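Engineer: got a structure for you, letters missing:
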């Protein structure tokens, strides 16, 4: 389970979509995970192309995690294995997508 922190320094960072390596680290493997992050962050990741099981609302997500743990974690893992695999594939594709700003930034600055 991962909890995302929110920056306290507020230097123009949009806290609703602030993500750290803790969240993205989950996508590096296909190991099952629960992401306990803000609703805005869940929606942001979903809109970007990641798949996240469960509701977006934090309160509902807590109840969802409790239900999963009480009713059959192994079944949940099996049912969502495709989600973990998708997220891993998507992350690795995204890391090397030359159309995304982070890659273009590094390409432009390495050539300079």
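Structural biologist: Thanks, I have it. Because the structure is predicted, anything quoted here is derived from the model rather than measured.
Engineer: for the lengthiest helix in the chain, which positions count as buried?
Structural biologist: Assignment by DSSP state H gives helix 73-95 as the longest helix of the chain. Within helix 73-95, the residues scored as buried using 16 or more other Cβ atoms under 10 Å are 76, 80, 84, 86-88, 91, 94. C-beta here means a position set from N, CA and C on the backbone, and glycine is covered the same way.
Engineer: Can you tell me what sits against the helix or strand just after it?
Structural biologist: Next along the chain after helix 73-95, taking DSSP states H and E as the criterion, comes helix 101-111. With contacts defined as Cβ atoms under 8 Å, 6 or more residues apart in numbering, helix 101-111 is touched by 96-98.
Engineer: If we use 7 Å, what do you get?
Structural biologist: Contact with helix 101-111 is made by 96-97, as judged by Cβ atoms under 7 Å, 6 or more residues apart in numbering.
Engineer: Repeat that for stretch 54-70.
Structural biologist: So stretch 54-70 is contacted by 34, 36, 38-39, 42-43, 76 (Cβ under 7 Å, 6+ apart).
Engineer: and it, how far from the chain's centre?
Structural biologist: Remark: stretch 54-70 is offset 16 Å from the chain centroid, using Cα atoms, centre = their mean, to the nearest Å.
Engineer: coming back round to it: ok, and the most crowded of the contacts of stretch 54-70?
Structural biologist: residue 42 (22 neighbours; other Cβ atoms under 10 Å).
Engineer: got a pLDDT number for that residue?
Structural biologist: Residue 42 is assigned a pLDDT of 90 by the prediction.
Engineer: Also residue 89?
Structural biologist: Reading off the confidence values, residue 89 has pLDDT 95.
Engineer: That's all I had, so thanks and see you.
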